[in-house]
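Novice: After the sequence you'll find the predicted model.
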Number of protein chains: 4
Amino acid sequence: MKKINKPIILIDPFPRSLNLIFSKKNLSILKKNFTLIDSPKNKIQKNNFYKKNIEKAIFIIGQPNLSKSLLVKAKNLKAIFNVESNFLDNMDYDYCFKNDIHVLSTSPVFAQPVAEMALGLTLSIARSIHIAHNDFVKSKEKYGGEISGKNFLLKNKNFGIIGFGDLANSLLPLIKPFANNILAYDPWVPSFMLKKKNVLSVNLKDLLKNSDIIYILASITSSNVGMIDSAKLKLLKSGAAFILMSRAAIVNFKDLYKFLKKKKNFAAIDVFPVEPFPKNDPFRKLDNVIFSPHRAGALDIVFKEMGEIVLQDIYLMMKNLPPRLCKRAERETVKNLRSKPVDIN
Amino acid sequence: MKKINKPIILIDPFPRSLNLIFSKKNLSILKKNFTLIDSPKNKIQKNNFYKKNIEKAIFIIGQPNLSKSLLVKAKNLKAIFNVESNFLDNMDYDYCFKNDIHVLSTSPVFAQPVAEMALGLTLSIARSIHIAHNDFVKSKEKYGGEISGKNFLLKNKNFGIIGFGDLANSLLPLIKPFANNILAYDPWVPSFMLKKKNVLSVNLKDLLKNSDIIYILASITSSNVGMIDSAKLKLLKSGAAFILMSRAAIVNFKDLYKFLKKKKNFAAIDVFPVEPFPKNDPFRKLDNVIFSPHRAGALDIVFKEMGEIVLQDIYLMMKNLPPRLCKRAERETVKNLRSKPVDIN
Amino acid sequence: MKKINKPIILIDPFPRSLNLIFSKKNLSILKKNFTLIDSPKNKIQKNNFYKKNIEKAIFIIGQPNLSKSLLVKAKNLKAIFNVESNFLDNMDYDYCFKNDIHVLSTSPVFAQPVAEMALGLTLSIARSIHIAHNDFVKSKEKYGGEISGKNFLLKNKNFGIIGFGDLANSLLPLIKPFANNILAYDPWVPSFMLKKKNVLSVNLKDLLKNSDIIYILASITSSNVGMIDSAKLKLLKSGAAFILMSRAAIVNFKDLYKFLKKKKNFAAIDVFPVEPFPKNDPFRKLDNVIFSPHRAGALDIVFKEMGEIVLQDIYLMMKNLPPRLCKRAERETVKNLRSKPVDIN
Amino acid sequence: MKKINKPIILIDPFPRSLNLIFSKKNLSILKKNFTLIDSPKNKIQKNNFYKKNIEKAIFIIGQPNLSKSLLVKAKNLKAIFNVESNFLDNMDYDYCFKNDIHVLSTSPVFAQPVAEMALGLTLSIARSIHIAHNDFVKSKEKYGGEISGKNFLLKNKNFGIIGFGDLANSLLPLIKPFANNILAYDPWVPSFMLKKKNVLSVNLKDLLKNSDIIYILASITSSNVGMIDSAKLKLLKSGAAFILMSRAAIVNFKDLYKFLKKKKNFAAIDVFPVEPFPKNDPFRKLDNVIFSPHRAGALDIVFKEMGEIVLQDIYLMMKNLPPRLCKRAERETVKNLRSKPVDIN
């Protein structure tokens, strides 16, 4: 009897799964307090599933196609938890915004792991950690300073950050103990906010000219595709390190390849224009680049944090409080943030 | 004529060289203000050189054998700059201490690079950075979370530090943004000093049992040789990472090998009981270890900092002020700190 | 001619004024880019003013009464900037939320000045700064430790924060260099968020029992009126300091008076149940209390920051980006946050 | 019997007392492990006391007159703990340095309380905290911004520190969360050391011209008496705050008075050229000054820390390790650091 009265959540977390994102404990809390109804995976069945069930649902965990004709039925819906974490162009966001339905993404869980990976990659290229290890495993290691010719310290360097959102806010405390100055370029973020964090708001050109270590942490938007091209790369200081963490499309990869082949600058790359990256691409031969195959956020513990923030935000909304942990889609930006679906979990 | 009046420095920086440790600018400042007299390398000639010249010298840059019979002649000597940075048992330290001669080591320059390397190694093992890169170079990379099974975040972890001297003081600000608690074990450092830094002073056993990441940063002393053996390693939490940065002899390497072969714990090793490490040692096959062939401090920029701190301390002593940047040998500890000579620069 | 095409802002910033909140430079930027139309102060005239002008307005600077019948005309309105900074129950918020009108408050400018004042008051009571100064001015000062009997250091103390919003987030970095542990109680803030900041999420009772310094930084809501009463105050450690910064109504003032009269605990009070506070209230005689007549946020430079964040958010919205600096009214909480109008500027 | 074998400490802590500096617990530890022999207070008796007892002593707690003829008898003496914390010109320091006797001062315990007081005084003048409180107590308070005309925030200000020793090192973390830039002037401290702390080493003139808040934290030396005079004060920015914490003699007080009377600058003063300060000195009438009658370090808890660091350093020396917590007299500087005796405890 009691079961009937439990609020209903529609479960459609593809490409994730409930077991990936919820710890055992959190899943049992969820099941104890809500009735979970699983969506079928088949596309046509799925549409019928939502037609039938959306009216009863208080939450949806997933990013299904939701036309206005479906959403008008969703009289009890408080929030859609997009655990894919990229906003696709597949639902009527405006309808949601005007009808008190939060559209939430679990993307904030990626900020800390990406920040830690960014620092890890930076330290690896600064000190040739990966190269020295690989030599050691092959019993060809060189002791002391022999392969450290172009190595550098992070202490007292200037750090430049392109795109100052969640990722940058997680990276900031990690680089502060090293940094001389921290520069940022982000046309969406007012300088007042950066000044409060003791970050200098500069234009893109000044950032590229004055930074020793440059992080690309921006989301992809209609206006920054290919923004970093050979004209921009020319501005880099000799020896400046270029760390690409957020979206490959911000960079013209051919220009980046030419630049890194010719110059002594270091780079770290976690995102690629096509993934898997072509096996015989000459980029792979560059010894001043460290490669990370789109791994910065992909960590079991991080997927479990998705479930944690979903659950804690559900708890707040059940008390008629606003969600605090997941990121809300915003009407002004959601259409500029369109991403490709995530195919690899 | 003027040249005669310039104070005299005896130059004997083996295994370093003046060009290694002084930038061009600093070397020209040194030459402009002092008369530099180079020591011969031949052992017998060297002794004669000191017999002849030590009386005139205001400073010695080097770590020569200095018996009391030589030192009694050194009426003008203000300081001996040991740029090898290890105190050997080859001079009459007590005579120096009683006769206003500072015996100084340039070891503090290594603190920041070792700290940065320690964090870099930690992040590499936490996120399999070196493994993913090497797969990528071989076009065998796995995208996303595939190789991240045992990966972990540093955020909110407990950090344990064994040996709380210069290295630990440089590492501390770098790990603070990550740390939940920071524990330390160092019988030479009073708990009062650690508490002021918000570091918990604990015994060795509690440190090993409660830390997620353990750094060995202690100098080698008569009482800590082989201190970390299988009995101690058994105390580690499952998954705790063990980062060996300062001296190999603190650890029983056979026990460490057995432990790491059996358990899932991660390790990073920068110092080895013999260097070069035997080519076919099975240690090299362990895939839960990252190896760094004694590279943590060996950086061109760091050797140049040696010259910088020598010069700035010379400048202070010429104003009759105490040196501030180099580390002073202390009568109580210099005899416990005996090290082997450095053969690789 | 050009003037006709400038977007229109309705100006109604009572109890502030344009000159209070905008620097000369910012005001001239505003006037150059927008047509500003001043609202009359008379209530009836005001209503007519909005009837006539709201259709044309792109922004309103002020917190006028806005019924739905007025708001439906506001076809171009992007945002209402409430520079009083308290949300009153005088407009149809729901209509705004459903119709893409941001309702924004400039309250975030108060976070830093309140945080600085909170720390200043804490240090004054910890060290009797105000008492010693006052004695000095009267030539009755006592040197050295004579009046320091109950003085204390902030170093290594436990800090407890009740209400973890903007104020707490500004206070947090200021107390971190002192704190042993930082505890927080806030039913609106998930523990996950606090853990990321290395703040311990605790219940109210545990906070009161374990903190050496307690800050009241919560907004007033329907559920926390009178929350701190004699039963709660009894839980305080002997000597714990009680710093009341946000809203007087959270505390039962009679109970607080009795508690402070009887116990040796210190208190700092910036907000009072009635202001001005009764002249002969015995509270004024307590020598373990420092009084600050509702001054924590009231600073000329801070009012100028209001104009700065209004202008920077206007600039974002004119580029069709979401506002980032002002605080948005939220449908779930705006009705719980009802405040009294501000009568003193 | 056992008692005979306990090592002997001579007790002569004037102007302190054992009960002031040792907690009950620490005093009982001391008494359990050592034989304490109290020095008489009478000057002639005192000399005889040392003649008779110095040979047996392992430590002296106090700052007695110690001529070479006394010190030559002190065959077992490991250290003299000067708990007055000012080095007087009353002992043969050189003899001590050449004969393995540490001369130690407990001055480091004052660093944290002085730093906290410095920040407290700064916040009080920035926000008129003491003035508003005193008005309130007199029922003459003004609410809100009425007396805040010249108030300022610390956030994003430039801080200048004159004298970068223990006090500065304790103040540094407290002001970092506020500071835009931190400038320092100290001819004894090499720029290399400051750069590592992200502090800019500048000359005195540039410091005075570019700082919003200026701290005098220098020890008095033969070369800085009266260093801050009217010519120097003229360099201050309009509105810059001047915080005098360490030694009055660094400042020409007449010049400071004239400057503060004429200009709108704020000042905080903890040390005075004569103490007690003349009762009718016009300085007391300046309303832009906050006065603290030499109280910055005088705290019961701080005196207890003296005993704590004495005990912990005794413990290290009993293990033949060097002391780490007390400050050592240094042969180069001890003669420049001569202070007047402390008459007020």
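Specialist: Yes, it's here. Residues are numbered from 1 along each chain as shown, chains lettered A, B, ... in the order given.

Novice: Show me where chain A has its helices.
Specialist: Using DSSP state H, the helices assigned to chain A run over residues A:2-5, A:18-21, A:24-33, A:43-53, A:68-71, A:93-98, A:111-127, A:129-137, A:166-175, A:191-196, A:204-210, A:230-233, A:253-262, A:300-318.

Novice: for chain C, what are the nearby residues on the stretch 151-300 of chain A?
Specialist: A:187-193, A:196 (CB under 8 Å from any CB of the partner chain). In this view, the C-beta of every residue, glycine as well, is placed from N, C-alpha and C.

Novice: Please indicate which of the helices of chain A has the most neighbours on average?
Specialist: Highest mean neighbour count among the helices of chain A (mean count of other CB atoms under 10 Å in any protein chain shown): helix A:111-127, with a mean of 26.

Novice: Does that one pack against any helices or strands, and if so which?
Specialist: If you count contacts as 3 or more CB pairs under 8 Å, 6 or more residues apart in numbering or on different chains; DSSP states H and E, helix A:111-127 packs onto helix A:166-175, strand A:241-244, strand A:266-269, strand A:289-291, helix B:111-127, helix B:129-137.

Novice: In JSON lines, list the ones you listed along with mean pLDDT.
Specialist: Listed next are the helices and strands packed on helix A:111-127 as JSON lines, based on pLDDT from 0 to 100:
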{"stretch": "helix A:166-175", "mean pLDDT": "98"}
{"stretch": "strand A:241-244", "mean pLDDT": "98"}
{"stretch": "strand A:266-269", "mean pLDDT": "98"}
{"stretch": "strand A:289-291", "mean pLDDT": "98"}
{"stretch": "helix B:111-127", "mean pLDDT": "98"}
{"stretch": "helix B:129-137", "mean pLDDT": "97"}
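
Novice: These: which one's closest to D:Asn320?
Specialist: helix B:111-127 (25.1 Å; CB to CB).

Novice: distance between the closest one and the chain's centre?
Specialist: 14 Å (CA atoms, centre = their mean, to the nearest Å).

Novice: what's the angle from that helix to helix A:166-175?
Specialist: 140 degrees (axes from the mean of the first three to the mean of the last three CA atoms, to 10 degrees).

Novice: Hmm, A:Phe81 is touching A:Ile60, no?
Specialist: Yes: between A:Phe81 and A:Ile60 there is a contact under CB atoms under 8 Å: 6.8 Å.

Novice: Which neighbours do those two have in common?
Specialist: Taking CB atoms under 8 Å, 6 or more residues apart in numbering or on different chains as the contact definition, A:Phe81 and A:Ile60 share no neighbouring residue.

Novice: Can you tell me which residues in the stretch 51-200 of chain A are near chain D?
Specialist: Counting by CB under 8 Å from any CB, the stretch 51-200 of chain A sits next to chain D at A:155-156, A:180, A:195-196, A:198.

Novice: tell me the contacts of A:Ala115?
Specialist: Residues in contact with A:Ala115 (CB under 8 Å, 6+ apart) are A:167, A:170-171, A:174.

Novice: so which pair among those is furthest apart in space?
Specialist: Largest separation among these by CB to CB: A:Leu167 and A:Leu174, giving 11.1 Å.

Novice: ok, now how distant is A:Ala231 from A:Gly163?
Specialist: A:Ala231 is 19 Å from A:Gly163, where distance means CB to CB, to the nearest Å.

Novice: If you could redo that for A:Pro187, that was the one I meant.
Specialist: 10 Å.

Novice: of these two, who's got more company?
Specialist: Neighbour totals were compared for A:Pro187 and A:Gly163, and A:Gly163 leads with 25 against 16 (other CB atoms under 10 Å in any protein chain shown).

Novice: In terms of pLDDT, where does the closest residue to the more buried one other than its chain neighbours sit?
Specialist: In this structure, A:Gly163 finds its nearest non-sequential neighbour in A:Ala218, 2.6 Å apart by CB to CB, 6 or more residues apart in numbering or on different chains. pLDDT for A:Ala218: 96.

Novice: repeat for A:Asn5
Specialist: 82.

Novice: Alpha carbons only: can I get stretch A:294-310 in PDB?
Specialist: Output of stretch A:294-310 as PDB, limited to C-alpha atoms (Å, rounded to 0.1, in the frame of the first residue of the first chain):
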ATOM      1  CA  HIS A 294      39.800  11.700 -22.900                       C
ATOM      2  CA  ARG A 295      40.300  10.500 -19.300                       C
ATOM      3  CA  ALA A 296      40.300  13.600 -17.200                       C
ATOM      4  CA  GLY A 297      36.800  13.100 -15.800                       C
ATOM      5  CA  ALA A 298      36.300   9.400 -16.200                       C
ATOM      6  CA  LEU A 299      36.800   7.900 -12.800                       C
ATOM      7  CA  ASP A 300      34.600   5.400 -11.000                       C
ATOM      8  CA  ILE A 301      34.600   7.500  -7.900                       C
ATOM      9  CA  VAL A 302      33.400  10.500 -10.000                       C
ATOM     10  CA  PHE A 303      30.500   8.700 -11.500                       C
ATOM     11  CA  LYS A 304      29.500   7.800  -7.900                       C
ATOM     12  CA  GLU A 305      29.600  11.500  -7.100                       C
ATOM     13  CA  MET A 306      27.000  12.000  -9.800                       C
ATOM     14  CA  GLY A 307      24.600   9.800  -7.800                       C
ATOM     15  CA  GLU A 308      25.500  11.700  -4.700                       C
ATOM     16  CA  ILE A 309      24.700  15.100  -6.000                       C
ATOM     17  CA  VAL A 310      21.500  13.800  -7.700                       C
END
